[in-house]
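[1] below is the sequence, then the predicted model.
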Amino acid sequence: MMPITSILCGALLAQNTITPAPPQAAPLVIEHATIHTAVLGASVIQDGFVVIDGGKIVSMGTGAAPASAAACIDATGLHLTPGFISTATTLGLIETGQVRATDDRTETGRFHPEVEAWLAINPDSNLLPVARMGGVLLALVFPQGGVVSGQASLIRLDGWTNDEIAAVRDAGTVVRWPATEPAPHWYTTRNADQQEKDRRATLRALDDFFDAAKAYTRARAADPALPVDLRFERMRDLLDGTRPLFIEAASAGQIESAILWSLARSMKPIIVGGQGALAVADLLVKYKVPVIVPGVLRLPRFAHDDYDAPYTLPARLAARGIEFAIATGDEPSNDRNIAHHAAVAAAFGLAPEEALASITRVPAQLAGVGDAYGVIAAGHSATLLLHDGDPLEVTTNVRQAWIDGRSIELKSHQTDLKAKYEHKYQRPQPVPAATPAP
């Protein structure tokens, strides 16, 4: 009876009670805002306006908006940015770590490219409203486990069903690259020779799997009557270079071998990790390979690194001309802090607008939707945030948010509890009667 009770309690706790926003019904004007467009090379508009209609940005400019009958928000003193995008996250795939029934991050087996993250996401997750409070309106969700983990999916953080929240169902295939250096003795009981044997076996299995996928694609092209293999069907766009390959690799050896392997197979690699990226920067620049930095607020990965290596990595990547996005590299409950990671990168040498682009424009491009999301420009989705201060300041709060023009309610279970207990302690408290002296 106890396991059933745990599952039911976990399922109940995993549901938020916030009603998804309806479609935009009328035009909206936001004027006199400080607009951070995140467009490459564009300057901040100190006093500008944006007109939203039908879920899209229809026009923008400086100063006051042209006279119209549309509802108008006076954003004097406020900052307008694109919605933040959390990258390489498991948001929506797990709710409560101690309740296995709420954890859909991993699939059984080592090779399962047919697994699609968007299908397993809980649209009613309590963590989605929490992330929205921190400005995260889109998330590039990665499945985990195995060697070929599955398909990454870009989701909107508001919607009734999995179909509604899915912005890009198959954004790319996630692969976990084997370590190229032996792990220290305190991390594993296997010695260096055993680890090297495991690494070689994993690479052989990976080669065999991709060779089989290529052979299947050719065989099906020659004879469409051949039986369908869902695993290999999901790899068609990957093998022809249409969709990217997200490779989880941290050390320089991992990054170098992963890039050369994928390029030899005519695939488009994107490195997820990249702590050792500077050691192979020339390779990344030569082949224009982007990097997803999994967290700035963390300890150095290697013992020989400077204390501030994670903080300065984005600035050093930018200086070498390497395109990168910043993720939290943390549990999905902390996706709300993504702006803080970008802010620390800015404090340690990264230009503020580049820091903002690393959590808006660049993630949208990596997910294949750079023509619709990630910047404030006419024709793009009205997925926007209105802040009460500089978007990279820790003290700044999100005041209003829109996803595809839909006004999002910024509340969560946490804000409900805050309001509850503020009310409790604001009640008049009776003065206790004095205790008579003995």
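    Perfect, thanks for sending it.

[2] walk me through the domains of the protein.
    Domain assignment for the chain, taken from automatic domain parsing, gives 17-83+374-411, 84-369.

[3] for residue 420, which of these is the nearest?
    Between residue 420 and the domains of the chain, the shortest gap by C-beta to C-beta is with domain 17-83+374-411, which sits at 12.2 Å. Glycine gets a C-beta too; all of them are placed from N, C-alpha and C.

[4] low pLDDT regions in the stretch 151-300 of the chain?
    For the stretch 151-300 of the chain, the stretches with pLDDT under 70 are 183-186.

[5] now do the strands in it.
    Ranges of strands within the stretch 151-300 of the chain are 166-176, 244-249, 268-273, 291-294, based on DSSP state E, counting those that start in this stretch.

[6] so can I have CSV of those showing distance to residue 71 and mean neighbour count?
    Formatted as CSV, the strands of the stretch 151-300 of the chain follow (distance: least, C-beta to C-beta, whole Å; neighbours: other C-beta atoms under 10 Å):
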stretch, distance to residue 71, mean neighbour count
strand 166-176, 26, 23
strand 244-249, 40, 24
strand 268-273, 40, 24
strand 291-294, 38, 26
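
[7] want to try a markdown table for these, with distance to residue 202 as columns?
    Conversion of the strands of the stretch 151-300 of the chain to a markdown table gives the following (distance: least, C-beta to C-beta, whole Å):
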| stretch | distance to residue 202 |
| --- | --- |
| strand 166-176 | 9 |
| strand 244-249 | 13 |
| strand 268-273 | 17 |
| strand 291-294 | 21 |
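
[8] of all those strands, which one comes closest to residue 404?
    strand 166-176 (9.1 Å).

[9] I'd like the distance from that closest one to the chain centre, please.
    12 Å (C-alpha atoms, centre = their mean, to the nearest Å).

[10] who touches it?
    With contact meaning C-beta atoms under 8 Å, 6 or more residues apart in numbering, strand 166-176 is reached by 113, 116, 118, 138, 140, 142-144, 146-156, 206, 234-235, 237-238, 243-248, 258, 270, 272, 366-369, 373.

[11] specify the angle between it and strand 244-249 in degrees.
    Per axes from the mean of the first three to the mean of the last three C-alpha atoms, to 10 degrees, the angle that strand 166-176 makes with strand 244-249 is 40 degrees.

[12] partner strands of strand 166-176 and their direction?
    Pairing partners of strand 166-176, with direction, according to DSSP bridges: strand 148-156 (antiparallel), strand 244-249 (parallel).

[13] of the domains of the chain, which stretch is the most buried?
    domain 84-369 (a mean of 20; mean count of other C-beta atoms under 10 Å).

[14] need the strands paired with strand 166-176 in CSV (columns: distance to residue 191).
    Shown next, in CSV, are the strands paired with strand 166-176 (distance: least, C-beta to C-beta, whole Å):
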stretch, distance to residue 191
strand 148-156, 27
strand 244-249, 23
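
[15] which of these sits closest to residue 178?
    Between the strands paired with strand 166-176, strand 244-249 lies closest to residue 178; by C-beta to C-beta that is 9.2 Å.

[16] show me the helices in the protein, by range?
    With DSSP state H as the criterion, the chain has helices at 2-13, 117-120, 127-133, 162-165, 192-222, 230-233, 236-239, 252-264, 281-286, 309-319, 338-347, 352-357, 361-366, 413-426.

[17] how far does the fourth one sit from its chain's centre?
    It stands for helix 162-165. With C-alpha atoms, centre = their mean, you get 17 Å for helix 162-165.

[18] packing partners for it?
    On a contact count with 3 or more C-beta pairs under 8 Å, 6 or more residues apart in numbering; DSSP states H and E, helix 162-165 meets helix 117-120, strand 148-156.

[19] closest to residue 416 out of these?
    Residue 416 sits nearest to strand 148-156 of all the helices and strands packed on helix 162-165, at 22.5 Å, using C-beta to C-beta.

[20] run the chain-centre distance for that closest one.
    Averaging C-alpha positions (C-alpha atoms, centre = their mean) puts strand 148-156 10 Å from its chain's average.

[21] for it, C-alpha coordinates in PDB please.
    Taking Å, rounded to 0.1, in the frame of the first residue of the first chain, the C-alpha atoms of strand 148-156 are listed here in PDB:
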ATOM      1  CA  VAL A 148      22.100   8.000 -27.700                       C
ATOM      2  CA  SER A 149      19.600   9.500 -25.200                       C
ATOM      3  CA  GLY A 150      16.900  10.600 -27.700                       C
ATOM      4  CA  GLN A 151      15.500  13.800 -29.200                       C
ATOM      5  CA  ALA A 152      15.800  17.200 -27.600                       C
ATOM      6  CA  SER A 153      12.500  19.200 -27.700                       C
ATOM      7  CA  LEU A 154      11.900  23.000 -27.500                       C
ATOM      8  CA  ILE A 155       8.800  23.700 -25.300                       C
ATOM      9  CA  ARG A 156       6.800  26.700 -24.400                       C
END
